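Chemist: sequence unknown, structure follows:
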């Protein structure tokens, strides 16, 4: 592979789903020996939690599966993200719509739903676990692991 590929995961507040996706995908990329050419980050469409760590429940449930999210800090999507990142992947349709509204037309081809890369769950979106219990955070991890495997497989293929 030539050149770096940059992936941005996006949810609303960047404290539950997108930092979990960043952590899971980062570990998958490192395990595959691809960390030198894939950049990974996450952000939120809203700036409610800028500078904060992920939700404690996200960190707790991720750590149970071996993913450490503690070094991450929330940030809001910025205009330059649409230029810098090759893949801007939303966790749900609502956040994808917000990204589409903010994205310059020449970069809209980079936008998509993260779950379009999943092959096992059958879900179209990663549900927001914020107002639910622990089962929601486990389900988010199940979906994110599934979509991460599919995205990694896509990035392994030779680009045409």
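Modeler: Done, it's in. For clarity, every value in this text was computed on a predicted model and none was experimentally measured. Residues are numbered from 1 along each chain as shown.

Chemist: so what touches stretch 112-125?
Modeler: Residues outside stretch 112-125 that contact it (CB atoms under 8 Å, 6 or more residues apart in numbering) are 9, 21, 87-93, 96, 126, 142-144, 146-151, 154. C-beta: built from backbone N, CA, C; applies to glycine.

Chemist: ok, now stretch 70-82?
Modeler: 8, 10, 13-15, 19, 22-23, 42-47, 49-54, 59, 88, 99, 102-104, 107, 110.

Chemist: do that again at 7 Å, thanks
Modeler: Outside stretch 70-82, the residues that touch it by CB atoms under 7 Å, 6 or more residues apart in numbering are 8, 10, 13-15, 19, 22, 43-47, 49-54, 59, 88, 103-104, 107, 110.

Chemist: next: stretch 86-100.
Modeler: For stretch 86-100, the external contacting residues (CB under 7 Å, 6+ apart) are 5-12, 17-18, 45, 81-82, 108, 110-114, 125-126.

Chemist: give the buried residues for it.
Modeler: Buried residues in stretch 86-100, counted by 16 or more other CB atoms under 10 Å: 86, 87, 88, 89, 90, 91, 92, 95, 96, 98, 99.

Chemist: and that stretch, end to end?
Modeler: 15 Å (CA to CA, to the nearest Å).

Chemist: which SS class is residue 69?
Modeler: coil (DSSP: H, G, I helix; E, B strand; the rest coil).

Chemist: hmm, back to that, of the contacts of stretch 86-100, grab the buried ones for ChimeraX.
Modeler: This is how ChimeraX selects the buried members of these, with burial counted by 16+ other CB under 10 Å:
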select :5,6,7,8,9,10,11,12,17,18,45,81,82,110,111,112,113,114,125,126
